[in-house]
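1. what follows is a predicted structure for the sequence shown.
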Amino acid sequence: MTDLKYLRGYPEPLLAQVRQLIAEERLGDYLQRRYPGRHQVQSDKALYGYVQTLKQEYLKSAPPIDKVLYDNRLDLTHRALGLHTAVSRVQGGKLKAKKEIRVAALFREAAPEFLQMIVVHELAHLRESEHNRAFYKLCEHMLPGYGRSSSTCGCSCIGGSCRVADQPPGVDGFGHPPYRPVRSGACVG
Ligand SMILES: [Zn+2]
């Protein structure tokens, strides 16, 4: 089975889907039976709306999200399913932090449960940068059962932490020179 150690912060069924997409072995049938649905969130605009609705409901006071998109390079370049970044750039003489959430494009063709897990995970990072108890409590609040789906201990305390890296100005990995990333977290466990 494909080792996804670097994705440890995510629930097991989600990782199973990724393994399936990578290996297309017997697991595919199981997942197909258990999660037969396909969500309708197909564009970046729809994804933005989807994220905003969840945020509005559960994390109203968290900082606003400026951009949400499917990124077809995410799983390859960052080895991540989702990514949350806070990039700062000068706007009208002021330095403004812009928050972004990126979802690996492979989840465009996935069961609604999986998209929800990714989005809930990245939204929780608006408040908690680490995969700590508070982080999983927040995930659980937005998506009851989030932690239960972990194969590790059956509770919401799964290990792993987000890689939080400072990057030099002008290098954001996405080819956007005006952006000056101050902090980015890829959920790599
Ligand atoms: Zn994470």
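-> That came through fine.

2. which parts of stretch 37-47 are buried?
-> 39, 41, 44, 47 (16 or more other C-beta atoms under 10 Å). For the C-beta atoms, the positions are set from N, CA and C on the backbone; glycine is no exception.

3. first to last residue in it, what's the distance?
-> End-to-end span of stretch 37-47 (C-alpha to C-alpha, to the nearest Å): 17 Å.

4. now stretch 125-145
-> Termini of stretch 125-145 sit 18 Å apart (C-alpha to C-alpha).

5. buried set for it?
-> Within stretch 125-145, the residues scored as buried using 16+ other C-beta under 10 Å are 125-126, 128-129, 131, 135-136, 138-140, 142-143.

6. out of those residues, which two sit at the greatest distance?
-> Spatial extent of the buried residues of stretch 125-145 (C-beta to C-beta) is set by the pair 129 and 143 at 19.1 Å.

7. rewinding a little: confidence-wise, which of the buried residues of stretch 125-145 comes last?
-> Lowest pLDDT within these is found at residue 129 (84).

8. elements contacting the longest helix belonging to the chain?
-> Longest helix in the chain by number of residues, with DSSP state H as the criterion: helix 44-58. Under the contact criterion of 3 or more C-beta pairs under 8 Å, 6 or more residues apart in numbering; DSSP states H and E, helix 44-58 touches strand 67-71, helix 112-124, helix 133-142.
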